[in-house]
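Novice: fold the following.
(2 chains)
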Amino acid sequence: MSTTLTADRYTAATASSNGRPDGGWFPGSRLIQAEVLKLRRRRGLMAAALLLAPGVVIAVFVIRAILHLAEPAHYGPAGGIDAFANMSFALSELGAIVAIMIGASAGSSDLSAGVFRSLVVTGRSRWALYTARIPAGLAVLVPIIAVAFALISVASVALAGNNPAPSIGLMFWSGLWVELGTVVLFAIALGVASVIGTRSTTVGVLLAIQLVLTPIFMRTSGFDDIRQLLPGIVLRQLQPAGLGQVGPQGGLTMTVPSIAVLIGFWVCVPLVVGALRTARRDA
Amino acid sequence: MWVCGRRLSVDGMQITHANQDHHGSAVQTVGLTKRFGERTAVEDVSLDVPCGTAYGFLGHNGAGKTTLIRMLLGLTRASSGSATVLGLPVPDQRARALARVGAIVEEPSFYAHLTGYENLKIAAAIRGPQTRYRIESVLDRVGLDKRARDRVGTYSLGMRQRLGVARCLLSDPELLILDEPMNGLDPAGMLEFRSMIKSFVDEGRTVVLSSHLLDEVEKTCDAVAIVDNGRVVSQGSMSSVISRAPVLRVDCSDPQGASAVAWSLPVVSDVDSSADGIVVHLRRGADGRLMAGELNRRLVETDVDVFGLELSRPTLEDRFLEITSTIDANR
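Specialist: Numbering: from 1, shown residues only, chains lettered A, B, ... in the order given. You can find the predicted model right below:
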C-alpha cells in the first residue's frame, strides 16, 4: 500500500494549499452535492417521502378510476376540478409531513451521526456547513412535491370525463401554493432540528403542531392572535380561490402584506436561529 | 513527502510552502489552561512538539489529554495561554492551520448509511477542490480499497479507525492529531496502526497521538508528554523520559561473593543481597547489556555458580507509575 500522486495531481494539490477548505460562509456546489447525497441515500426517508406524496396520489386516482369503471352510475369520473381541489389540499398536508421529515433530517444528521466534530476540525466555516443544508434539502424536497402535483394535474385533466377540468392558471397557482407550504415547513424543521439536534423530537413536535394543534385552532373561534401565528393557518390564507372551500379555512381574513411578513418570519427566524446554534455549538 | 514544512515531490524535487517558518515545531503551547467552572481540566501546559516525530500524550482517563487536543484544534477555547499549530496561532488562524492538519478526536464517526467511499467524498467536498482525487489512494493506503463500497454500518471498529485515518489523510496533512486511535483494537490491529504511524513519520509528517496504552506509546512514539490531572509532569524524548538506571538480577550460589564481584564493576551504584542472589543497581546511563556480560564473566571466573541473570530494562510504564505515584504521594 503506498500513496502516490501523479506529478500533475501533485502540483494541483499543492496549488490548492493541500486541501485548504474553500473559504467563507458560501458552501459551494460540492458541499451542497454532498448534503444531497446524505439525504438521498437515506432509503427509509426517501421511501416515506415518495410513498406519502406521489404514492398516495397514484393510489387515490387509481382507486377512483377503478370505482368509476366498476360502477359509473354510483362513482363519477376520477378526475375533474373537484378531485383536483381535494387532492391539492391533501398534498398540501402530506407535503408538509414530507417537508418536516426532510428538514429534520437535513438539520440533525451531522449531529446524530456524531460527524459534526469531524466536519468542524477541517477548519471549514460552520456557516458554510449549515447553509449547504438549505439548497440541498430543497433539491430533494421540491422535485418530489412537484412530481406529485404534476400527477394530480395530469390525472385531474385526463380522467375528468364529463366533469369540468382545472384550468392551467389554477393548476399553476395551486402548484405554487403547495410548494410554498412545503418550503416553509422545511425551513422551520431545518432550523428546529439544528437547534435541538435530534430528528425524532423535531418531527414529533412539528407534526403535533401541524396535524393536531393547527386543525384545532382552525375549527375554533377566538384566539385570533394565536391562530394567525400558526404557519399552517397563515398558508391557508394563500389557498387559490379556484380550489373552493376545501378543508377548514381558519376563519381568518388577513391582508397580503401581513401574510408575507408572517411567512418571511417563519422562513427566516428558524433558519437564523439554527445557524447561530450551529456556529456556537460545542463540537 | 514532508520535511518539516517543506514538501518534497515523489521524484525528489523540492517544493517550498509559504509560511513554513515554525522553527521546527509542529505544535507549541505556552501556559495553556482550560477551566470548566471550578474544575481545571488543563493547567499551565507548555509543550513543544518537534516536526517529523511521533509524539505521545500519555495519561490516565480524565487526565486532560482530549481537552488539550480539543484546544489545539479550536474545538474549545482556552481559558488562558496560547497555542500555535504549524506556526499559526489557534484559534485566531484556525482555518489556515487546520487545512494542513488531519485529526481524529475520540472515536471517528461516520454516516452509517453511506459507504466508506461516500463518507470520504463528503469529507473531500469540505476540503479543497483537488482533495477528491486522493480518495482512492488513501483508501488503498489504509487497506480499505476492497471494502470502500460497503456501508460503514457494516464495518468493524478497526475498519472505522482506518477509515478515520483515511479521512485525515485526504488533505495530505503535515500534522496528524489522533486521540486514542488504538482503543478497542486487537493486537493485530494495533500492530498495523503502529506501522502506519511509523510510515507517516518516515514521510516527514508529524503525528501527535494521545493514549493511555503505555506499551503502545513506548513502541510507537519518539517523544512523549506525560499528563496527570491536567498538568504535563514530564516531557521529552522517549529515552530522556524513561531514563532510569538499569538493574541486574542474579540468582547465584554465593550471594556474598557475588556482591563483592559486583562492587568491582565500574558503574555500580548499589548492590542488594538476599538468600538467593543479588540485585545490582547500575548508574544512570550505564550500558546494561555490557555490564550483564561483564558481571557474568567475572562471576564465572570466581567460581560463583550463576543460575539466572536478568537485565531489567526501564519501561515507560515504570516511569509513568513512578511519576504519578510520586505526585499522588505528595498531594
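Novice: show me what contacts residue 41?
Specialist: Using chain A. Residue A:41 makes contacts with B:111, B:113, B:114, B:118, as judged by Cβ atoms under 8 Å, 6 or more residues apart in numbering or on different chains. (C-beta placed from N, C-alpha, C; glycine too.)
Novice: ah, I was thinking of chain B
Specialist: By Cβ under 8 Å, 6+ apart, the contact set of residue B:41 is B:34, B:35, B:64, B:67, B:230.
Novice: distance of the residue nearest to the fourth one when sequence neighbours are not counted relative to residue B:234?
Specialist: By the measure of Cβ to Cβ, 6 or more residues apart in numbering or on different chains, the closest residue to residue B:67 outside its immediate chain neighbours is residue B:41, 4.4 Å from it. Counting by Cβ to Cβ, to the nearest Å, the gap from residue B:41 to residue B:234 is 19 Å.
Novice: again, but for residue A:183
Specialist: Taking Cβ to Cβ, one finds residue A:183 at 59 Å from residue B:234.
Novice: cool, and residue A:209?
Specialist: 58 Å.
Novice: cool, residue B:92 as well?
Specialist: Distance from residue B:92 to residue B:234, counting by Cβ to Cβ: 30 Å.
Novice: bridging residues for the residue nearest to the spatial centre of chain B?
Specialist: For chain B, the residue nearest the mean C-alpha position is residue B:56 (2.6 Å; Cα atoms, centre = their mean). In this entry, residue B:56 is beta-bridged to residue B:209, residue B:224, by DSSP bridges.
Novice: surely it touches residue B:215?
Specialist: No - with contact defined as Cβ atoms under 8 Å, residue B:56 and residue B:215 do not form a contacting pair (11.4 Å).
Novice: so, low pLDDT: which residues of chain A?
Specialist: A:1-23, A:245-252 (pLDDT under 70).
Novice: residue ranges of the helices in it, please?
Specialist: Secondary structure of chain A (DSSP state H): helices located at A:7-15, A:28-40, A:43-50, A:56-70, A:81-112, A:116-120, A:126-131, A:133-158, A:168-196, A:199-207, A:214-219, A:224-227, A:231-236, A:256-280.
Novice: and if you look at chain B?
Specialist: With DSSP H as the criterion, chain B has helices at B:65-72, B:94-98, B:116-126, B:135-141, B:157-169, B:187-202, B:214-220, B:238-242, B:255-263, B:288-301, B:316-330.
Novice: how about these in JSON lines, adding distance to residue B:148 and mean neighbour count?
Specialist: JSON lines is the format used below for those (distance: least, Cβ to Cβ, whole Å; neighbours: other Cβ atoms under 10 Å in any protein chain shown):
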{"stretch": "helix B:65-72", "distance to residue B:148": "28", "mean neighbour count": "25"}
{"stretch": "helix B:94-98", "distance to residue B:148": "25", "mean neighbour count": "23"}
{"stretch": "helix B:116-126", "distance to residue B:148": "4", "mean neighbour count": "24"}
{"stretch": "helix B:135-141", "distance to residue B:148": "5", "mean neighbour count": "20"}
{"stretch": "helix B:157-169", "distance to residue B:148": "9", "mean neighbour count": "23"}
{"stretch": "helix B:187-202", "distance to residue B:148": "17", "mean neighbour count": "16"}
{"stretch": "helix B:214-220", "distance to residue B:148": "26", "mean neighbour count": "20"}
{"stretch": "helix B:238-242", "distance to residue B:148": "36", "mean neighbour count": "17"}
{"stretch": "helix B:255-263", "distance to residue B:148": "61", "mean neighbour count": "18"}
{"stretch": "helix B:288-301", "distance to residue B:148": "47", "mean neighbour count": "15"}
{"stretch": "helix B:316-330", "distance to residue B:148": "36", "mean neighbour count": "14"}
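Novice: if I average pLDDT within each of these, which one is lowest?
Specialist: Of all these, helix B:316-330 carries the lowest average pLDDT, namely a mean of 71.
Novice: of the contacts of residue B:41, grab the buried ones for PyMOL.
Specialist: The PyMOL command for the buried members of these (criterion: 16 or more other Cβ atoms under 10 Å in any protein chain shown) is given here:
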select buried, chain B and resi 34+64+67+230
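Novice: could you dump the contacts of residue B:41 to CSV with distance to residue A:117?
Specialist: Formatted as CSV, the contacts of residue B:41 follow (distance: Cβ to Cβ, whole Å):
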residue, distance to residue A:117
B:34, 17
B:35, 21
B:64, 18
B:67, 14
B:230, 21
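Novice: ok, back up a step: mind checking pLDDT for the residue nearest to residue B:67?
Specialist: Looking at residue B:41, the pLDDT reads 91.
Novice: equivalent analysis for residue B:279, please.
Specialist: 90.
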